[in-house]
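Chemist: Using only what follows, build the 3D model:
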Amino acid sequence: MEVMQLLEYLQDIVESAPKVPITGKVLVDKKELTEVLDQIFNYLPDDIKKAQWIVSEKERIMAEAKKEYETIKNDTMDMIKKQVENHDITKEAQIKGQEIISAAQRDAKAIRLGARDYADEILCQLEKELELKTNEIINSIKVNVENLAVQLTEDISSSSSDIRENIKELRSIK
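Modeler: Next up is the predicted model:
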């Protein structure tokens with residue numbers, strides 16, 4: 001109960017102290033205030049001191065427990081990751097993935113070879129058609145040239161005959 005009386009006395013000191021104008025503050029005697037506070041601390045029961053120690057210990061233990069929790073959690077996650085990596089399903093999935101990649105590479109190679117073969121086949125057909133068309137055009141040109149030659153020969157023969165007749169006529173006129 002002595003602590004309560006000291007606290008009331010402390011309150012009286014603050015309320016009866018002279019006020020500093022405009023600031024809302026008061027002036028107190030430091031020595032008197034310190035003596036009252038020391039008496040209060042001396043009267044505090046050991047239970048309050050124990051309670052303070054318990055609170056600080058609780059905080060320290062909680063901090064250590066949290067740190068240990070984080071360490072254990074991280075170790076457990078690492079262990080789980082290693083177990084997952086070493087698990088048969090993971091190994092099977094990796095093997096299956098490699099098989100899929102290999103099959104895709106084989107298929108891609110087959111497609112490339114098929115595309116080359118197809119391109120070669122198309123180019124061969126194109127070459128044959130080009131050769132046929134070239135031969136047709138050459139034959140057509142030959143026929144046209146022969147026809148032209150025959151026509152020219154006939155025209156020249158006809159013109160020659162006309163010229164000979166005209167020459168004969170001219171000779172006869174003399």
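Chemist: Show me what the longest helix seen in the chain is packed against.
Modeler: Ranked by number of residues, the top helix in the chain under DSSP state H is helix 88-173. Based on contacts counted as 3 or more Cβ pairs under 8 Å, 6 or more residues apart in numbering; DSSP states H and E, there is no element that helix 88-173 packs against. Any C-beta I mention is one placed from the backbone N, CA and C, and that applies to glycine too.
Chemist: quick one: average pLDDT of it?
Modeler: Mean pLDDT, computed over helix 88-173, is 90.
Chemist: how distant is it from the center of its chain?
Modeler: Its chain's C-alpha centre and that of helix 88-173 lie 51 Å apart, by Cα atoms, centre = their mean, to the nearest Å.
Chemist: cool, stretch 166-174 as well?
Modeler: On Cα atoms, centre = their mean, the centre of stretch 166-174 falls 104 Å from the chain's centre.
Chemist: in that stretch, what counts as buried?
Modeler: Buried residues in stretch 166-174, counted by 16 or more other Cβ atoms under 10 Å: none are found.
Chemist: same question, stretch 124-135
Modeler: Going through stretch 124-135 with 16+ other Cβ under 10 Å, nothing comes out buried.
Chemist: Kindly format the C-alpha coordinates of it as CSV.
Modeler: Taking C-alpha atoms only, stretch 124-135 is exported to CSV below (Å, rounded to 0.1, in the frame of the first residue of the first chain):
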residue,chain,number,x,y,z
CYS,A,124,13.5,-34.2,-111.1
GLN,A,125,9.9,-34.0,-112.4
LEU,A,126,10.4,-30.3,-113.2
GLU,A,127,13.7,-31.2,-115.0
LYS,A,128,11.9,-33.9,-117.1
GLU,A,129,9.0,-31.5,-118.0
LEU,A,130,11.5,-28.8,-118.8
GLU,A,131,13.4,-31.2,-121.1
LEU,A,132,10.2,-32.3,-122.8
LYS,A,133,9.0,-28.7,-123.3
THR,A,134,12.4,-27.7,-124.6
ASN,A,135,12.3,-30.6,-127.1
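Chemist: Give me the neighbour count for the closest residue to Glu2 other than its chain neighbours.
Modeler: In space, and not counting its chain neighbours, Glu2 is closest to Tyr43: 5.0 Å by Cβ to Cβ, 6 or more residues apart in numbering. Tyr43: 14 surrounding residues under other Cβ atoms under 10 Å.
Chemist: Looks like Tyr43 contacts Met4 (just checking).
Modeler: No: between Tyr43 and Met4 there is no contact under Cβ atoms under 8 Å: 9.6 Å.
Chemist: Nearest residue to Leu37 in space, please, no chain neighbours.
Modeler: Of all residues not flanking Leu37 in the chain, Leu10 sits nearest, at 7.5 Å (Cβ to Cβ, 6+ apart).
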